[in-house]
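**Student:** Test case, fold it:
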Amino acid sequence: MKNNTPSVLIVEDDADIRELLRICLEADGYRVNSAADGLDALQQLQAGTRPALILLDLMTPRMDGEEFLQQMRASPFASIPVVIMSGHNASAKKAQELKVACCLMKPVEFEDLLRTVRRLTAARARK
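**Tutor:** Numbering: from 1, shown residues only. All right, here's what the predicted structure looks like:
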């Protein structure tokens, strides 16, 4: 894979879902990093990971998605678009409140995921 290929950071506590998302995104040509929770994701950003997009589960241990967003937005990484992935009915409303780029309901259809990732990484690449 080329180094200028967009990268995606997956923040998801379920290892099986993380792996399926990674396989799907890598098959479409993306570089993928993953984190089990918001704390791990924040540490990766601080260590130099620079994703074009973050796929974020709101319900994770140690640091949930909402706290991760608060800390990320108070940092140099605030401009990275975030897509919330959740299985809760109130997630779409929560996504609007949190002002994220998009909300995908679990179980996420791979075509919906790829369409969203392509759109947001392409928009970021044009900036």
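**Student:** Please, where are all the strands along this structure?
**Tutor:** Secondary structure of the chain (DSSP state E): strands located at 7-11, 31-35, 53-57, 82-86, 102-105.
**Student:** hang on, isn't residue 80 packed against residue 52?
**Tutor:** Yes - the pair residue 80 and residue 52 qualifies as a contact (C-beta atoms under 8 Å) at a distance of 7.5 Å. Backbone N, C-alpha and C define where each C-beta goes, glycine included.
**Student:** circling back to that earlier point, for residue 96, find the nearest of the strands of the chain.
**Tutor:** Smallest distance to residue 96 across the strands of the chain (C-beta to C-beta): 8.0 Å, for strand 102-105.
**Student:** Okay, and the beta partners of the residue nearest the centre of the chain?
**Tutor:** Residue closest to the average C-alpha location in the chain (C-alpha atoms, centre = their mean): residue 55, at 1.5 Å. Residue 55 has these beta-bridge partners by DSSP bridges: residue 10, residue 83.
**Student:** Pull the contacting residues for it.
**Tutor:** 8, 9, 10, 11, 12, 21, 83, 85, 113, 117 (C-beta atoms under 8 Å, 6 or more residues apart in numbering).
**Student:** at 10 Å what do you get?
**Tutor:** Counting by C-beta atoms under 10 Å, 6 or more residues apart in numbering, residue 55 touches 8-12, 18, 21, 25, 32, 34, 82-85, 102, 104, 108, 113, 116-117.
**Student:** Return the alpha-carbon coordinates of the helix or strand bottoming out on mean pLDDT in the chain using CSV.
**Tutor:** Ranked by mean pLDDT, DSSP states H and E, the helix or strand of the chain with the weakest confidence is helix 91-98, at a mean of 87. C-alpha atoms of helix 91-98 as CSV (Å, rounded to 0.1, in the frame of the first residue of the first chain):
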residue,chain,number,x,y,z
SER,A,91,-27.3,7.3,18.6
ALA,A,92,-28.4,9.4,15.6
LYS,A,93,-29.6,12.1,18.0
LYS,A,94,-26.5,11.8,20.1
ALA,A,95,-24.4,12.1,16.9
GLN,A,96,-26.1,15.4,16.1
GLU,A,97,-25.5,16.7,19.6
LEU,A,98,-21.8,15.7,19.4
